[in-house]
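Chemist: any chance you could fold what I've pasted below:
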Amino acid sequence: MAHPSQLGFQDAASPVMEELLHFHDHTLMIIFLISTLVLYIITAMISTKLTDKYILDSQEIEIIWTILPAIILILIALPSLRILYLMDEINDPHLTIKVMGHQWYWSYEYTDYEDINFDSYMIPTKDLTPGQFRLLETDHRMVIPIESPVRVLISAEDVLHSWAIPAFGVKTDAVPGRLNQTTLIATHPGVFYGQCSEICGANHSFMPIVIEAVLLEHFENWSSLMLQDA
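Modeler: As a prediction, the model looks like this:
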């Protein structure tokens, strides 16, 4: 989860988020180089004879400032298109979970099991136990096995919501009457927090999302207990 004074992204918990972090660093370096070049040109124009009319009207300069931005756009577009493809690709998921947004809570249904479904509400501040996080903890967590492709089907019951987990690089709109889908793969065990990222009403800020990634054998034990309780 995020921590005080944090400037960068949360640590990646999925291959897609790792790719997004690499793309962010790649693009940031390009922006840094562009800013440095522009600053150098401005400084040179002020302090040297770079403002000579023959230099400013040079055809070579016009060719450079036309071709150079095109090359920069290609360097940004190619990796971004690759990541978009990876985010949309859903190949043979091991588990499918349907997520429904409500005002103001989430409900989860494990479609591969007959009776595993539950609602997930935020735990009020007065009911928190030591070590739990205010406005982020829920009474029921979405549990998934690690290193397994999970397909998440997302929709909403009433208004627009957005199911977002920063550590997984996932942010998908929940639209009433429409079923969107995304995929995620947890690379290591842990508890990961997110929130609704769409302004969906008065209690918009009280729709946390908690994903608990566990080993496969622990997930099987959890699913067995859920089926027994059902």
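Chemist: helices or strands next to the helix ranked longest in the chain in the packing?
Modeler: Criterion DSSP state H: the longest helix present in the chain is helix 15-47. With contacts taken as 3 or more Cβ pairs under 8 Å, 6 or more residues apart in numbering; DSSP states H and E, helix 15-47 sits against helix 59-88. (C-beta placed from N, C-alpha, C; glycine too.)
Chemist: next SSE after the helix it packs on?
Modeler: Next along the chain after helix 59-88, taking DSSP states H and E as the criterion, comes strand 95-102.
Chemist: now do that following strand, average pLDDT.
Modeler: The average pLDDT within strand 95-102 is 96.
Chemist: circling back: run the angle between the longest helix of the chain and helix 59-88 for me.
Modeler: Orientation check (axes from the mean of the first three to the mean of the last three Cα atoms, to 10 degrees): helix 15-47 against helix 59-88 gives 160 degrees.
Chemist: part of a strand, is Asp119?
Modeler: Yes: under DSSP: H, G, I helix; E, B strand; the rest coil, Asp119 sits within a strand.
Chemist: what sits closest to the residue positioned nearest the centre of the chain if chain neighbours are left out?
Modeler: Nearest to the geometric centre of the chain sits Gly169, at 2.5 Å (Cα atoms, centre = their mean). Excluding the flanking residues, the one nearest Gly169 by Cβ to Cβ, 6 or more residues apart in numbering is Met17, at 3.6 Å.
Chemist: hang on, isn't the residue nearest to the centre of the chain packed against Ala12?
Modeler: Yes: at 7.4 Å, Gly169 counts as touching Ala12 under the criterion of Cβ atoms under 8 Å.
Chemist: which residues are common contacts for the two?
Modeler: Shared contacts of Gly169 and Ala12 (Cβ atoms under 8 Å, 6 or more residues apart in numbering): Leu20.
Chemist: touching, Ser107 and Met100? I think so.
Modeler: Yes: shown here, Ser107 and Met100 form a contact pair, counting by Cβ under 8 Å, at 4.6 Å.
Chemist: name the residue in those two with the higher neighbour count.
Modeler: Met100 (21 against 16; other Cβ atoms under 10 Å).
Chemist: ok, the more buried one - contacts?
Modeler: 106-109, 155-157, 174.
Chemist: which strand residues bridge Thr96?
Modeler: Under DSSP bridges, the beta-bridge partners of Thr96 are Arg151.
Chemist: run through the chain and note the low-pLDDT ranges.
Modeler: Along the chain, segments meeting pLDDT under 70 span 1, 49-58, 230.
Chemist: can I see the domain layout of it?
Modeler: Domains of the chain are assigned by automatic domain parsing as 15-88, 95-229.
Chemist: distance to Gly8 for those domains - can I get that in CSV?
Modeler: Output for those, formatted as CSV (distance: least, Cβ to Cβ, whole Å):
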stretch, distance to Gly8
domain 15-88, 8
domain 95-229, 11
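Chemist: any idea which of the ones you listed is most buried?
Modeler: domain 95-229 (a mean of 17; mean count of other Cβ atoms under 10 Å).
Chemist: endpoints of it, how far apart?
Modeler: 20 Å (Cα to Cα, to the nearest Å).
Chemist: what's the end-to-end length of stretch 127-143?
Modeler: First-to-last distance for stretch 127-143 - Cα to Cα - comes to 22 Å.
Chemist: and the contacts of that stretch?
Modeler: 1, 97, 99, 106, 108, 118-123, 125, 191, 193, 195, 205-206, 208-214, 219, 222.
Chemist: those in helices, which ones?
Modeler: Those of the contacts of stretch 127-143 lying in helices (DSSP H): 219, 222.
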